[in-house]
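A.B. asks: Got a predicted structure here, sequence first:
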Amino acid sequence: MTATSTADLDQIRSDYKSLRNSLSGSAQAHLEPGKPFAIGTAPGRLDVMGGIADYSGATVLEATIGARTTVMVQPREDGLIRVLTVGPEAGPLDGATFELQTAMFWRDDTPSTHGTLVAPEDLRNTIGKEHRWASYVVGVWYILISEGIAPSLPGANVIVHGTVPLGAGVASSAALEVATMRAVTTAFGIDLDGFRTAALCQLVEHRVAGAPCGIMDQVTCTLGQSGRLLALRCQPHDILGHVPLPAGATVLGLDSGVKHAVGGERYPRVRTAAFMGREMLIRGINGVQIDVPADHLCNIIPEQFRTVRQHLPVSIKGGDFLDRYGSHRDLATHVDRNTRYRVRGATEHAVTEQSRVVRFRDALGDAMSTKERIREAALIRAGRQMFGSHRSYSRNCGLGAPETDMIVNLARNEGPENGLYGAKITGGGSGGTVAILAEASAGGVLSPRANLAVSRVRDAFGRSTGHPPRIIDGTSQGAMLLPAIIEVW
């Protein structure tokens, strides 16, 4: 428990009381009076650097945001999981309900340590596309059982209250998984550390929700620190530290309003292409091979990659790859024989993004200087890496969206002279939110000139698209840095 845990505990309980008072009569009745329930809460995140290179072993730099998802879990004995969603970010799901008997996890309808679990894709089909959101909740039960953490689990009444923007690329699904995992393990007396919690939540996303994400979202929602960037080397998940932002800088997000989807077609296709490129480099292309240290593309030195880059095909049909190489060795995706994959660009992004992350982090270190000239120059260098990352994301990976490109270009046009140093897409899957590195005054608040620049960006975007981008800011602690809480309804 951290030194601030008492304040954190008080804040959670205060938030819970406010939440309880805001619930309607039907929501109030969802939990049984006089019975205990557990609370789990997790923040969303801004991907400041690294992004989709996480699955290639890259180092990523992630910031938590102020918005959080809170989950309340009250055990019940009849094996029924009853889920209710409420809150300002529930949108069309506000008041949505989902029910599933835990017996549905088992092929023989006999939950026991000797039963046979249904395949995760069968569970996904049982949940159905119209209730896909519920897979992030009930998937926690399934993964805890299938991974041997608990031989079986009772049902529960569950309330999900979210303020993390949905579809904005700020890890709303990871926040839901992590908050649910924290609440479920607290309710049923299961002891997990932070890394295990994050890894299990990633399995929920992979197996039950069917989205081939990296692990950076889950680790950030679990172990991110307020006011710092979590530096995570995804090999598979080594925390390198929590990087403080210089006194004169902050990060914020501008939501383009274009729905972001890791579970769509474009992101999995890029990930598949990167793993195909890795396999081709290791196995050889036209007699040319390259050493891929520890099988992670990010460990290749960019100068070394440039000597073999031209041997990688710009694109290749899945069937042609499978006929020659057999497998791309990625358990989260599969190669479709009839799909054409942009192998060269996806591989190049995975290799070059790592060097941009290193230069960005080094620049932030230099920006800790008390000399204004040195700090300003360092922040400009850091921002340059963000712009380079966004350009590679769009050109090499083909994941850009006109709306997010517009926000990045508007921020670039404002420039350091107006307090905006850099901008890039946050996360993967196209659309979503743009992260901006901006000048800050005391307490991490935007400086007056940066505040005016952000307002001009929002106004210009609004005139062009019909809706100004929503500002995503604030910061908060990851789920496992907050104390476990059990209350009585």
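C.D. replies: Ah, there it is.

A.B. asks: Quick check: the nearest residue to Val335 once chain neighbours are set aside vs Arg76, distance?
C.D. replies: Spatial nearest neighbour of Val335, chain neighbours left out: Gly318 (4.5 Å); criterion: CB to CB, 6 or more residues apart in numbering. In short, each C-beta sits where N, CA and C put it, glycine included. For Gly318, the distance to Arg76 equals 46 Å [CB to CB, to the nearest Å].

A.B. asks: Which of the two has more residues huddled nearby?
C.D. replies: Using other CB atoms under 10 Å as the criterion, Gly318 and Arg76 rank with Gly318 on top: 20 against 17.

A.B. asks: which residues of the stretch 301-450 of the chain fall in helices?
C.D. replies: Counting by DSSP state H, counting those that start in this stretch, the stretch 301-450 of the chain has helices at residues 302-306, 318-325, 343-366, 372-395, 402-414, 448-465.

A.B. asks: Please identify the buried residues of the fifth one?
C.D. replies: Going back to what we said before, that points to helix 402-414. 403-408, 410-412, 414 (16 or more other CB atoms under 10 Å).

A.B. asks: and Met480, helix, strand or coil?
C.D. replies: The three-state assignment at Met480 reads helix, by DSSP: H, G, I helix; E, B strand; the rest coil.

A.B. asks: what about it, how many neighbours?
C.D. replies: Other residues lying near Met480 total 24 when counted by other CB under 10 Å.

A.B. asks: Find the centremost residue of this structure, please.
C.D. replies: By CA atoms, centre = their mean, the chain has its centre lying nearest to Asp217, at 3.0 Å.

A.B. asks: And the average pLDDT for the lengthiest strand in the chain is what?
C.D. replies: Scanning the chain for the strand with the most residues, using DSSP state E, yields strand 59-76. The pLDDT scores in strand 59-76 average 96.

A.B. asks: Report all helices and strands that it contacts.
C.D. replies: If contacts are counted by 3 or more CB pairs under 8 Å, 6 or more residues apart in numbering; DSSP states H and E, strand 59-76 sits against helix 5-22, strand 36-49, strand 155-162, helix 172-187, helix 216-223, strand 228-233, helix 343-366.

A.B. asks: Export those to CSV and append columns for distance to Arg68 and mean pLDDT.
C.D. replies: Shown next, in CSV, are these (distance: least, CB to CB, whole Å; pLDDT from 0 to 100):
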stretch, distance to Arg68, mean pLDDT
helix 5-22, 8, 74
strand 36-49, 5, 96
strand 155-162, 8, 95
helix 172-187, 7, 97
helix 216-223, 9, 95
strand 228-233, 16, 96
helix 343-366, 25, 97
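
A.B. asks: Glu279 is nearest to which of the ones you listed?
C.D. replies: With CB to CB, the closest approach to Glu279 among the helices and strands packed on strand 59-76 belongs to helix 343-366: 9.7 Å.

A.B. asks: Could you list every helix and strand that the closest one packs against?
C.D. replies: Counting contacts by 3+ CB pairs under 8 Å, 6+ apart, helix 343-366 packs against strand 36-49, strand 59-76, helix 266-283, helix 302-306, helix 372-395.

A.B. asks: Mind exporting the C-alpha coordinates of it to CSV?
C.D. replies: The C-alpha trace of helix 343-366 is given here as CSV (Å, rounded to 0.1, in the frame of the first residue of the first chain):
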residue,chain,number,x,y,z
VAL,A,343,4.4,-6.6,-44.9
ARG,A,344,7.2,-4.1,-45.6
GLY,A,345,5.5,-1.1,-44.0
ALA,A,346,4.2,-2.9,-40.9
THR,A,347,7.6,-4.4,-40.3
GLU,A,348,9.4,-1.1,-40.8
HIS,A,349,7.1,0.6,-38.3
ALA,A,350,7.8,-2.0,-35.7
VAL,A,351,11.6,-1.6,-36.2
THR,A,352,11.8,2.2,-36.3
GLU,A,353,9.2,3.1,-33.6
GLN,A,354,11.6,1.8,-30.9
SER,A,355,14.3,4.3,-31.8
ARG,A,356,11.7,7.1,-31.8
VAL,A,357,10.6,6.1,-28.3
VAL,A,358,14.2,6.1,-27.0
ARG,A,359,14.8,9.6,-28.5
PHE,A,360,11.6,10.8,-27.0
ARG,A,361,12.4,9.6,-23.6
ASP,A,362,15.9,11.0,-23.8
ALA,A,363,14.5,14.4,-24.8
LEU,A,364,12.1,14.4,-21.8
GLY,A,365,15.1,13.8,-19.6
ASP,A,366,16.9,16.8,-21.1
